[in-house]
Each structure stands twice: as structure tokens, then as C-alpha cells.
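Engineer: Show me how the following folds:
(one chain, ligands or ions: 1)
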Amino acid sequence: MSQQTAPSHTAPSGLGELIRIAEAQPLSPACDHFYFLRHGQTGRNALRIFQAVDEPLSELGLQQAARAAGLLAGEPISTVVCSDARRAHDTAYTVATTLKLVPAAQAALRERNFGALIGTSSANIDWACEPEGGETLTQFVARTRGALDTALRLPAPVLVVAHGGTLYALAALLGVPVDVGLLGNAQPLRFERRGPTWAVTPLLRQADGDAALA
Ligand SMILES: O=C(O)[C@@H](CO)OP(=O)(O)O
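Structural biologist: Residues are numbered from 1 along each chain as shown. Below you'll find the predicted structure:
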């Protein structure tokens, strides 16, 4: 799983706009900690192409999901909630099975709908763009905020399995600085309340290559 080059960790274009929108509507979960997992790699992640909801995990993605399941197996997780996009659901199912849970799939946790950009290169992604037939950044942040607010009211600790965009929005909604190095596929993260602020700790500090980052 480490045959690719190390990630460059360069923040994508338009991320500041996403953060500005999210920070104006902060999220205040009642729980004191939860977990987040971006899905395993897909073939289109590796090629850096915007993908549809039916994109499956690649062979590497399946291995990453199994690795994440092993890392999360020792955590006392009570609820697994996931995006209903195939790549997130299949990752969540692998992890939840190890935890003897069943993931609850939510369309509201999907990645931003990039509309007409789906099928084109995401190498120079600009989160501030307004793709034809897709969601605006404001719409995406509002939808994601609502889905996360609902998910984090479920029996704790909760594991959310979703997307890179979900993680950018989540971090900004909690006021946690975005570390692009945490965006690699299937790297389990623990979010924890520390007084009035939140902190994020990776359960795995291993990236499988920047091809998966967008
Ligand atoms: O489509 C992508 O390349 C990214 C964008 O962040 O989404 P996902 O995390 O679903 O791979």
C-alpha cells in the first residue's frame, strides 16, 4: 500500500472560501469525541478525476478499508453513519462489520455534486467554482452541516465515513485548522473536544500517495 510517492500536502484552490462559509455557521456537537474516515481509494481518485456516486473502490481502496477496519476495531464505536456513495458505503461496511455494527447510509453525506465536472480532471480542483448542474459551495456546506449535525446526535461514539469535501467542511465547521495531510484515503481520524475547541488526531500517519487527494 505504499508504492506511490509521498503527498505534497498543498491546499487546494478555493479552500479559503469553503472555510469562510463554514466558519459563519459553526457546529457544536454535544458529544465530546467522534471518528471520521474518508473512503478508500477509487480508480478515479488515483487518476484524479471527479467521480459519480457509483464509483467502486479500487484494489488498493479495498486494502485501505481493511486496514482502517483493523485500526478502528479497538475503538468503542457505537454508531457508523456513512455517505450512500458506493465508495463510502463499501468502506463503512468493511469497518462496521469488524465492529459488529451496520452502517446507516445517508445521501446527505455525499461528496459535493460537481455536476458537469464529473468525468473531468480534478487535479486543479477549485472549491470556489460553480459547476453547471452541480452544487454551489454554499449549498454543499449547508447540506453537509445538516447531515453532520444529525449524525453526531446518534449514540456516541459515532464514526462518520464520507469524503474529502466532507472532511474540509467538518474541520471548518468545528474551527479546526485543515491539515491537507489528513485527507489521504481511509486514514481514520479522532475528533476530540478540548475545552471550547476541537482537536483532530490521526490514528494512522501513513499516506498512500497524493494521487488520492483533491
Ligand atoms: O471526487 C474527488 O476526487 C474527491 C473530492 O474531494 O472526493 P472523494 O473524497 O469522494 O474522493
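
Engineer: drop to CA atoms for contacts and neighbour counts, all remaining ones
Structural biologist: Will do.

Engineer: Quick check: buried residues in stretch 170-186?
Structural biologist: Neighbour-count burial for stretch 170-186, with 16 or more other Cα atoms under 10 Å as criterion, is recorded at 170-176, 178, 180-186.

Engineer: Return that stretch as PDB; C-alpha atoms alone will do.
Structural biologist: What follows is stretch 170-186 as a C-alpha-only set of coordinates in PDB (Å, rounded to 0.1, in the frame of the first residue of the first chain):
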ATOM      1  CA  LEU A 170     -16.300  19.300   9.100                       C
ATOM      2  CA  ALA A 171     -13.000  20.800  10.200                       C
ATOM      3  CA  ALA A 172     -14.000  24.300   9.300                       C
ATOM      4  CA  LEU A 173     -17.400  23.900  11.000                       C
ATOM      5  CA  LEU A 174     -15.600  22.900  14.200                       C
ATOM      6  CA  GLY A 175     -12.900  25.600  13.800                       C
ATOM      7  CA  VAL A 176     -10.100  23.000  13.400                       C
ATOM      8  CA  PRO A 177      -7.300  24.100  11.100                       C
ATOM      9  CA  VAL A 178      -7.400  22.000   7.900                       C
ATOM     10  CA  ASP A 179      -4.300  19.800   7.500                       C
ATOM     11  CA  VAL A 180      -4.400  18.500   4.000                       C
ATOM     12  CA  GLY A 181      -2.100  15.700   5.100                       C
ATOM     13  CA  LEU A 182      -5.100  14.100   6.800                       C
ATOM     14  CA  LEU A 183      -7.000  13.800   3.500                       C
ATOM     15  CA  GLY A 184      -5.400  10.600   2.300                       C
ATOM     16  CA  ASN A 185      -7.900   7.800   1.600                       C
ATOM     17  CA  ALA A 186      -9.000   5.700   4.600                       C
END
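
Engineer: Would you check the distance separating it from the middle of the chain?
Structural biologist: Using Cα atoms, centre = their mean, to the nearest Å, the distance from the centre of stretch 170-186 to the centre of the chain it belongs to is 8 Å.

Engineer: what mean pLDDT does it have?
Structural biologist: If you average the pLDDT over stretch 170-186, you get 91.

Engineer: does any part of it sit near the ligand?
Structural biologist: No - counting by Cα under 6 Å from any ligand atom, the ligand is not contacted by stretch 170-186; separation bottoms out at 7.6 Å.

Engineer: hang on, residue 37 in a helix?
Structural biologist: No - counting by DSSP: H, G, I helix; E, B strand; the rest coil, one finds residue 37 to be strand, located in no helix.

Engineer: Under a three-state scheme, what state does residue 200 occupy?
Structural biologist: Local secondary structure at residue 200 is given as strand here, using three-state DSSP.

Engineer: mind checking how far it is from residue 187?
Structural biologist: Using Cα to Cα, to the nearest Å, we find residue 200 at a distance of 12 Å from residue 187.
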